[in-house]
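1. okay, here's the prediction I keep looking at, along with the sequence it came from:
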Amino acid sequence: MRKTLLRKTLLLKTLLRFGLLAGLLGGSGLPAAAADLQAGEARVTPIFDHPLPTVPGKSLRGVLVEYGPGGSSPAHRHAASAFITATVIEGAIRSRVNDGPERVYRAGESFVEQPGDHHAVSANASATERSRLLAVFVVDTEDRALTVPDRP
């Protein structure tokens, strides 16, 4: 009985965290929504930055990436220490990592980038609708530049 209660409590806490995160990302606590982006534009906004107390020298950083219709980011790499999971929170994103196939991810779907990966394609899959993704980095705390474009 105690184990069941503990599992239910952990599940409730997890659901509340995700619910609160979804509310935050959809609410007015964020910078202006991607709707104000023009066709072809992109915006990257740091959302959080927290040192990991149980992993000295590592931090957890969240970045909101927003694309206007047809918007994209140039090909890039991330900090050499960065492990990234990206979740599409609105619309659809075209992505290609390393020599893998180009793929479309829709709201609720995620992909991962390993340290050293090359992100060759990152773009809104729609020419008429906006899209947004939340990228969460586990990175060396001293790494300040999270993204390095192929061409400066």
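-> Cool, got the structure.
2. report the beta-bridge partners for the residue positioned nearest the centre of the chain.
-> Central residue of the chain (C-alpha atoms, centre = their mean): Ala135, 1.6 Å from the mean position. With DSSP bridges as the criterion, Ala135 is bridged to Val63, Ala86.
3. my guess is it contacts Gly62. True?
-> Yes: at 7.1 Å, Ala135 counts as touching Gly62 under the criterion of C-beta atoms under 8 Å. Where C-beta positions appear, they are placed from N, C-alpha and C, glycine not excepted.
4. remind me which residues of the chain are low pLDDT?
-> Applying pLDDT under 70 to the chain flags the ranges 1-35.
5. nearest residue to Asn112 other than its sequence neighbours?
-> Slight slip there: residue 112 is Val, not Asn. Spatial nearest neighbour of Val112, excluding adjacent residues (C-beta to C-beta, 6 or more residues apart in numbering): Thr85 at 5.2 Å.
6. does the one you found touch Ser110 like I think?
-> Yes: assessed by C-beta under 8 Å, Thr85 is found in contact with Ser110 at 5.8 Å.
7. picking that back up, for the residue nearest to Val112, the count of nearby residues, please.
-> By other C-beta atoms under 10 Å, 13 other residues sit near Thr85.
8. cool, and Glu109?
-> Glu109 has 14 nearby residues by other C-beta under 10 Å.
9. please apply the same query to the one 10 residues further on.
-> His119 sits with 21 neighbouring residues when counted by other C-beta under 10 Å.
10. Ala75 is in contact with that one, correct?
-> Yes: counting by C-beta under 8 Å, His119 touches Ala75, with 6.7 Å between them.
11. kindly check the end-to-end length of stretch 37-44 for me.
-> By C-alpha to C-alpha, to the nearest Å, the extent of stretch 37-44 from end to end equals 12 Å.
12. contacts for that stretch next, please.
-> By C-beta atoms under 8 Å, 6 or more residues apart in numbering, the surrounding residues in contact with stretch 37-44 are 31, 34, 63-73, 127, 130, 147.
13. report the buried residues of the one helix or strand Val139 maps to.
-> Per DSSP states H and E: Val139 is located in strand 131-140. Residues 131-139 are the ones in strand 131-140 that count as buried (16 or more other C-beta atoms under 10 Å).
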